[in-house]
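S.K.: let's see this in three dimensions:
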Amino acid sequence: MSKYIKRRHNVTVLLYHIVCPIKYRKKILTKEIEKTLKEVCFEISTRYEINFIEIGSDNDHVHFLVQGLPNVTVAKIVSIIKSVTAREIFKKHPEIKKLLWGTNLWTTGYYANTVSRYGTEDSIIKYVQEQGQEKYYKKIYSSPNQLKLFDEN
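M.R.: Residues are numbered from 1 along each chain as shown. Alright, predicted model coming up:
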């Protein structure tokens, strides 16, 4: 489970769901490669302060639930994960290079989403609205382009 990261001037719980597809969506994630991936991710945790909360694979892509620091962007986290894991997996499993026709383990793209430890978007909106004097809450701003996760049919 994620923990508070306490620094001198901030306390954070920044969680990200990141999905990285294998190049050409090749189904190469065997038990041995998954074991190597997990070991490499533990090394990344120590060196880069990226806390891996959960890692899951589906043969052609990997889901990472990670906790990061506020001064490290999601793009930087993804870059670290993809570059270090690719280098180490190729080192320990060189046969994969033949399956992927080159030196890239991952596609150039990825999926990233923030995750809340304490609630959904609606529960956070409600929490903010209930702060201060409950009867006198005045909405200062509400985006007209709020993210719709599901079709409202």
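
S.K.: ok, and the closest non-adjacent residue to Ile18?
M.R.: Among residues not flanking Ile18 along the chain, Phe64 sits closest, at 4.5 Å (C-beta to C-beta, 6 or more residues apart in numbering). Placement of C-beta: from N, CA and C, glycine included.

S.K.: dump the residue contacts of that neighbour.
M.R.: Counting by C-beta atoms under 8 Å, 6 or more residues apart in numbering, Phe64 touches 16-20, 41, 52, 54-55, 81.

S.K.: what's the spacing between it and Lys27?
M.R.: 18 Å (C-beta to C-beta, to the nearest Å).

S.K.: so where's the protein shaky on pLDDT?
M.R.: 1-2, 121, 124-125, 127-153 (pLDDT under 70).

S.K.: and the strands in it?
M.R.: Assignment of strands within the chain using DSSP state E yields the ranges 5-6, 11-12, 14-21, 51-57, 61-68, 111-115.

S.K.: any idea which of those is most buried?
M.R.: strand 61-68 (a mean of 20; mean count of other C-beta atoms under 10 Å).

S.K.: hmm, back to that, just put the strands of the chain in a markdown table and tack on distance to Ala75.
M.R.: Formatted as a markdown table, the strands of the chain follow (distance: least, C-beta to C-beta, whole Å):
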| stretch | distance to Ala75 |
| --- | --- |
| strand 5-6 | 19 |
| strand 11-12 | 18 |
| strand 14-21 | 10 |
| strand 51-57 | 18 |
| strand 61-68 | 11 |
| strand 111-115 | 8 |
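
S.K.: contact partners for Leu100?
M.R.: For Leu100, the contacting residues are 22-24, 26, 28, by C-beta under 8 Å, 6+ apart.

S.K.: what does Arg25 give?
M.R.: 60-61, 107.

S.K.: dump those to a markdown table, plus distance to Trp101.
M.R.: Shown next, in a markdown table, are the contacts of Arg25 (distance: C-beta to C-beta, whole Å):
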| residue | distance to Trp101 |
| --- | --- |
| Asp60 | 15 |
| His61 | 18 |
| Thr107 | 13 |
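
S.K.: with respect to Asn113, which of those residues is nearest?
M.R.: Asn113 lies nearest to His61 out of the contacts of Arg25, by C-beta to C-beta, at 14.3 Å.

S.K.: on that earlier part again, for the contacts of Leu100, which one is nearest Tyr118?
M.R.: Ile22 (33.0 Å).
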